[in-house]
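Enquirer: no sequence on hand, only this structure:
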């Protein structure tokens, strides 16, 4: 992040980046992050932390996305409902065969047009087409696929897209902790950042030995330092 983006802030970049890291990686409220920083002798308000997360979180996430490995060619898609101010919305999410979140989109419906918007967003994010998409039996996927991805193979099953369904679990945990999202824009902004930052610090530990995991964790902390450096 260019130094100019930190210019004018009373606190150094190390404190700003640590607050953003803590908030998006652990199920903590803004007030709890404020308390943690106060324990360390840093006096600031939770509203300051909120502004930092909104201002710097997206920039950090964008840099991490550019550094992550190439995404797979098999996409698992799923949608889950979100209750926002008493109105039901839907969170659409796509992950690849390696478990990496490709992108998300919060929408008020899950019809054909909503699926088409989601497909177009995925294509803008990846700038490529998948070899195959795997979804549940929601008919909106098939209708949208015929228009947006006519040459891509499509597998529909109630259970084949469990990889995408499981990726919703961290969202549910944060949704409960935050006592629901305040608006569709709030949910979209938070989850776009959260999915990238949280995944960066959570390599697949069950596939690594202790030494490999520690080395990978060290590499990811070094990448974080590079991303947040002024």
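Expert: Looks like it came in fine. Because the structure is a prediction, the values reported are computed rather than measured. Numbering: from 1, shown residues only.
Enquirer: spatially central residue for the chain, please.
Expert: When C-alpha atoms, centre = their mean is applied to the chain, the residue found nearest the centroid is residue 195 (1.8 Å).
Enquirer: surely that residue and residue 100 touch.
Expert: No. The criterion here is C-beta atoms under 8 Å, and residue 195 misses it with residue 100 at 9.3 Å. From N, CA and C alone the C-beta is placed, and that goes for glycine too.
Enquirer: report the distance from the longest helix along the chain to the chain centre.
Expert: Longest helix in the chain by number of residues (criterion: DSSP state H): helix 46-67. Computed by C-alpha atoms, centre = their mean, to the nearest Å, the separation of helix 46-67 from the middle of its chain amounts to 12 Å.
Enquirer: stretch 65-74 too?
Expert: 14 Å.
Enquirer: also stretch 150-163?
Expert: Distance of stretch 150-163 from the chain centroid (C-alpha atoms, centre = their mean) equals 22 Å.
Enquirer: what angle do the helix or strand encompassing residue 213 and helix 46-67 make?
Expert: Element membership of residue 213 [criterion: DSSP states H and E] is helix 210-228. If you take axes from the mean of the first three to the mean of the last three C-alpha atoms, to 10 degrees, helix 210-228 sits at 110 degrees to helix 46-67.
Enquirer: which strands or helices does helix 210-228 pack on?
Expert: If contacts are counted by 3 or more C-beta pairs under 8 Å, 6 or more residues apart in numbering; DSSP states H and E, helix 210-228 sits against helix 13-25, helix 46-67, helix 184-200.
Enquirer: outside of that helix, which residues touch it?
Expert: 1, 13, 16-17, 20-21, 56, 60, 63-64, 67, 200-201, 203, 205, 208 (C-beta atoms under 8 Å, 6 or more residues apart in numbering).
Enquirer: so which of these sits lowest on pLDDT?
Expert: Lowest pLDDT of the contacts of helix 210-228: residue 1, 46.
Enquirer: so which bits of stretch 34-47 are buried?
Expert: Under the neighbour-count criterion of 16 or more other C-beta atoms under 10 Å, stretch 34-47 has 34, 36, 37, 44, 46 buried.
Enquirer: outline the domain layout of the chain.
Expert: Under automatic domain parsing, the residue ranges defining each domain of the chain are 1-67+194-230, 74-182.
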